[in-house]
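A.B. asks: Fold the following for me, if possible:
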Amino acid sequence: MTGIRIGERIFRPGAASSIAAAGFIALTISLGNWQTRRAEEKLELGRRLDDAASGPVFSVPSVRLDASALERRRVRARGRFVARAALLLDNKVLHGAAGYHVLTPLKLEGGELHVLVNRGWIAAGERARLPAVPTPENIQTIEGIAVAPSRRFIELAPEAASGTLRQNLVPEREEKRLGLGLQPFVIEQTSDAQDGLAREWERPDTGVDRNRSYALQWYSLAALAAVLYVALSFKRADSGRN
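C.D. replies: Alright, predicted model coming up:
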């Protein structure tokens, strides 16, 4: 088999190694491009979030709304908390500590509709005993950010209700469980309250630097594979041949 001769060596790649190298390089470049696109999408999302945060505060009425129209917008809701229907959303971590998000339906003034308010984070403590969270009884004015609950979870079977504890939040499912009409979004509370809960909400556009770092790693692997392929494909020329 002929090859390209450079000095005392001949570039003579094998068919199998060429196919393997091409496939690996194509795969790693594709993964790098995907991480780059994710970073760009998050940057664009961040710009939209900043625009929404700088807009006017929307007052939530006691009529059902479209969640997508309010996504990440600043909102205000007025009503009374329904303490008996409070929920604890499990597996929430803050500064490395395990805990729960405390969600309580707020009955909106002027009607029978409710909106779930994520009041904040509380430490888990002993798993055998859920933390008690006081709920104010008087009329509350809540300000926060409207968010659609994440659907990025896998359930092998519908989650069985177990008291106040939930692994995942599905508003339409909670409507049936609690017997309350709910808006299709949750308010992440930002207004102050003397309840001892932490309200440090993570923006969905976080992780841009991580995506860029992953992209660089994939591109570096592609470059390394190309260098190794070329280096290993050079063979020492047979000095006995012309």
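
A.B. asks: Lowest mean pLDDT among the helices and strands of the chain, which one is it?
C.D. replies: Lowest by mean pLDDT, DSSP states H and E among the helices and strands of the chain is strand 4-6, with a mean of 69.

A.B. asks: Quick check: what element follows that one along the chain?
C.D. replies: Scanning forward in sequence from strand 4-6 by DSSP states H and E, the next helix or strand is strand 9-11.

A.B. asks: helices and strands around that following strand, which ones?
C.D. replies: strand 4-6, strand 234-236 (3 or more Cβ pairs under 8 Å, 6 or more residues apart in numbering; DSSP states H and E). In short, each C-beta sits where N, CA and C put it, glycine included.

A.B. asks: ok, residue 139 - contacts?
C.D. replies: Residues near residue 139 by Cβ atoms under 8 Å, 6 or more residues apart in numbering: 78-80, 109.

A.B. asks: just residue 28 next, same as before
C.D. replies: 218-219, 221-222, 225.

A.B. asks: quick one: it and residue 163, what's the gap?
C.D. replies: Going from residue 28 to residue 163 by Cβ to Cβ, to the nearest Å gives 48 Å.

A.B. asks: what ranges do the helices span in the chain?
C.D. replies: Using DSSP state H, the helices of the chain run over 15-53, 67-70, 171-178, 208-233.

A.B. asks: domains for this structure, by residue range?
C.D. replies: Domain segmentation of the chain under automatic domain parsing yields 12-46+207-235, 55-189.

A.B. asks: need these in CSV with distance to residue 195 and mean pLDDT, can you?
C.D. replies: Compiled in CSV, these are given as follows (distance: least, Cβ to Cβ, whole Å; pLDDT from 0 to 100):
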stretch, distance to residue 195, mean pLDDT
domain 12-46+207-235, 29, 92
domain 55-189, 6, 87
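
A.B. asks: Just put those domains in TSV and tack on distance to residue 198.
C.D. replies: Compiled in TSV, the domains of the chain are given as follows (distance: least, Cβ to Cβ, whole Å):
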stretch	distance to residue 198
domain 12-46+207-235	21
domain 55-189	4
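
A.B. asks: Can you say which of those domains is nearest to residue 200?
C.D. replies: Closest to residue 200 of the domains of the chain is domain 55-189 (Cβ to Cβ; 6.4 Å).

A.B. asks: Any idea how far apart the tips of the closest one sit?
C.D. replies: End-to-end distance for domain 55-189: 17 Å, by Cα to Cα, to the nearest Å.

A.B. asks: Centre of the chain to it, how far?
C.D. replies: Relative to the chain's own centre, domain 55-189 is displaced by 17 Å; criterion: Cα atoms, centre = their mean, to the nearest Å.

A.B. asks: Make 623 the first number, not 1, from now on.
C.D. replies: Got it, the first residue is 623 from now on, which makes the last one we talked about domain 677-811.

A.B. asks: So for the longest strand anywhere in the chain, what gets flagged as buried?
C.D. replies: Among the segments of the chain that qualify as a strand by DSSP state E, the longest is strand 719-730. By 16 or more other Cβ atoms under 10 Å, the buried positions in strand 719-730 come out as 721-730.
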